[in-house]
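Peer 1: Following is a predicted model, sequence given first.
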Amino acid sequence: METGSLEGMRLAQRKWAGVPVRERVRVVERLRKRMAGAAQELAETIPTHLAGALHRTVADTLVAEVLPLMEACRFLERRASGILRTKELGRRGRPLWLSGVESELEREPWGVVLTLGAGNYPLLLAGVQTLQALIAGNAVLWKPAPGTQTVAHAMRLLLAESGLDPELLTILDPDVESATEAIAAGVDHVVLTGSVETGRAVLRQLAETVTPATMELSGCDAVFVLPGADMERVLGALSFGMRFNGSFTCMAPRRVFLVGMDVGQAAGFEIRLAEVLGKSGSVTIPPATAKLLKEMMREARSHGAEVVLDGLRESEASAAATLICGATPDLICMQASVFAPLLSVMRTTDAEEALAADAACRYGLTAAVFGTEDVARRFASRLVVGHVLINDVVIPTADPRVSFGGRGRSGFGVTRGVDGLLAMTTARMVQVSRGDRKRAWAPTSEGHAEFFAGLAAMLHGDGLRVRLEGLKRVVRAARKLK
């Protein structure tokens, strides 16, 4: 990336940051209305075949990306001004000796934000991140995933038509080098949605300049089926999660823990699951994914697990649902992130065993818990993940109010929602001293030790008697200091 173009963006960004949030929001409102009039055309800019891993219809794109992005626009229209406004801390909780000092918390834009888009949801994910960065007062460099640059350019055109200065949004080439060059040129914040391997590579480069980042990385997400769960609901949710977006979703179910089921119940569930998944179609996968699936099935068989459904049985160029039952926590299929319709099932005697088995996987993006709500909530409170879904999978995360992020190998920081908008800013404190407070600048003397010790007892002493004694010490010391 050329230094001159980045400097031009910085000039535009400084001007944009001075525009009141309510006026920035009007751009997003106009964008949403333009999107409403061109929803199908926008959806058609996204290929039906993405990143070598899925086939989707225009209807799928409309419901999975266009409509959620429009809801995200509406969220910003309604909430951005309140979220980003300067907050006065007030007097409550202010230390006694800071009387006369007023404190305010401001949210300042980072400057130039680099968004590294994902190939599985090229409009929704990078689109929300870009809009939140812009509303926060930033300029944005959007690097789309290979094959998805058309939708990125379409969004830039819609934003320009909605009144955004084109200098505030630059669409980079989709190759890796463009991201590397942008970071080297000096961006101020990076938002990545991608694999853990990509995350490591980006963080290594960012470490050289100590550039902050938000990392939304891979998942190997777990589903827990507790006693009392509605089995038909579980089967429907797992079938949907495996089918949705060709299973090319970071939070798609990959590991299923059957908690406390007897042998007959567990066997019956696995038979029904195989029947349901066996009806699903296949998706195109790249050779590397086929190789990983073959290794997973080979290892599973060698360790006594059963490959109930072999998704590569007919072709290695495409994969139908692969179902592995009798899995154990140490298997690759229970440890790795893979964009393919793979599901592994493990039987556990109780919640403790299920939690211990889950903890063996270092990904912590989302988890789904099925059961009665009160029991599921208690179980969910012990999961080390960024997002918990109770009696559902995937769909509720499209709520624009909801922040999204992971733990462990699944990254850090959040995007979307209130916290995602705040993540596009950095905090700045402003403190104003009013009145004559010059006494605080004076050097201390030996007499001040008694005064401050008394003040500590008066303000924080254990019990009324101690605090009263502290007050007396403060008064005596103050008389000597005059």
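Peer 2: Sure, I can see it.
Peer 1: In stretch 275-288, which residues have enough neighbours to count as buried?
Peer 2: Using 16 or more other CB atoms under 10 Å as the test for burial, stretch 275-288 gives 276-277, 280, 282-285. For glycine as for every other residue, the C-beta is placed from the backbone atoms N, C-alpha and C.
Peer 1: cool, and stretch 438-455?
Peer 2: Using 16+ other CB under 10 Å as the test for burial, stretch 438-455 gives 450-451, 454-455.
Peer 1: Tabulate the buried residues of stretch 275-288 (JSON lines), appending pLDDT.
Peer 2: Output for these, formatted as JSON lines (pLDDT from 0 to 100):
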{"residue": "276", "pLDDT": "97"}
{"residue": "277", "pLDDT": "96"}
{"residue": "280", "pLDDT": "86"}
{"residue": "282", "pLDDT": "88"}
{"residue": "283", "pLDDT": "89"}
{"residue": "284", "pLDDT": "88"}
{"residue": "285", "pLDDT": "90"}
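Peer 1: mind listing the helices for the stretch 1-150 of the chain?
Peer 2: With helices called from DSSP state H, counting those that start in this stretch, the stretch 1-150 of the chain shows them at 3-17, 21-37, 39-43, 58-61, 67-84, 124-135, 149-161.
Peer 1: Contact partners for the residue lying closest to residue 370 once chain neighbours are set aside?
Peer 2: Leaving aside its chain neighbours, residue 370 sits nearest to residue 229 (4.0 Å; criterion: CB to CB, 6 or more residues apart in numbering). Residue 229 makes contact with 370-371, 391, according to CB atoms under 8 Å, 6 or more residues apart in numbering.
Peer 1: any chance of the helices of the stretch 1-150 of the chain in JSON lines, plus mean neighbour count and distance to residue 337?
Peer 2: Output for the helices of the stretch 1-150 of the chain, formatted as JSON lines (neighbours: other CB atoms under 10 Å; distance: least, CB to CB, whole Å):
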{"stretch": "helix 3-17", "mean neighbour count": "15", "distance to residue 337": "33"}
{"stretch": "helix 21-37", "mean neighbour count": "17", "distance to residue 337": "31"}
{"stretch": "helix 39-43", "mean neighbour count": "18", "distance to residue 337": "27"}
{"stretch": "helix 58-61", "mean neighbour count": "18", "distance to residue 337": "22"}
{"stretch": "helix 67-84", "mean neighbour count": "19", "distance to residue 337": "23"}
{"stretch": "helix 124-135", "mean neighbour count": "26", "distance to residue 337": "16"}
{"stretch": "helix 149-161", "mean neighbour count": "18", "distance to residue 337": "24"}
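Peer 1: Can you get me a residue count around the residue nearest to residue 30 when sequence neighbours are not counted?
Peer 2: Distances taken as CB to CB, 6+ apart place residue 162 nearest to residue 30, at 3.9 Å, with adjacent residues excluded. Residue 162: 17 surrounding residues under other CB atoms under 10 Å.
Peer 1: Show me the strands in the stretch 251-400 of the chain, by range?
Peer 2: Read by DSSP state E, counting those that start in this stretch, the stretch 251-400 of the chain holds these strands, from start to end of the chain: 253-259, 283-284, 306-309, 318-319, 322-325, 342-348, 363-364, 366-370, 387-390.
Peer 1: Please convert the ones you listed to TSV, extending it with distance to residue 247.
Peer 2: Converted to TSV, the strands of the stretch 251-400 of the chain look like this (distance: least, CB to CB, whole Å):
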stretch	distance to residue 247
strand 253-259	9
strand 283-284	7
strand 306-309	13
strand 318-319	9
strand 322-325	10
strand 342-348	8
strand 363-364	16
strand 366-370	15
strand 387-390	17
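Peer 1: Can you give me the pLDDT of the nearest residue to residue 108 once chain neighbours are set aside?
Peer 2: Once flanking residues are discounted, residue 108 sits nearest to residue 428: 4.8 Å by CB to CB, 6+ apart. At residue 428, the predicted lDDT confidence score is 97.
Peer 1: Give me the distance between residue 428 and residue 107.
Peer 2: 8 Å (CB to CB, to the nearest Å).
Peer 1: Give me the common contacts of these two.
Peer 2: Common contacts of residue 428 and residue 107, defined by CB under 8 Å, 6+ apart, are absent altogether.
Peer 1: Looking only at neighbour counts, state which of those two leads.
Peer 2: The neighbour comparison of residue 428 against residue 107 (other CB under 10 Å) goes to residue 107, with 19 against 11.
Peer 1: ok so, going back, out of the contacts of residue 229, who's nearest residue 188?
Peer 2: residue 391 (40.8 Å; CB to CB).
Peer 1: pretty sure the closest one contacts residue 373?
Peer 2: Yes. With contact defined as CB atoms under 8 Å, residue 391 counts as touching residue 373 (7.4 Å).
Peer 1: more crowded one of these two?
Peer 2: Remark: of residue 391 and residue 373, residue 391 carries more neighbours, 16 against 12, as counted by other CB under 10 Å.
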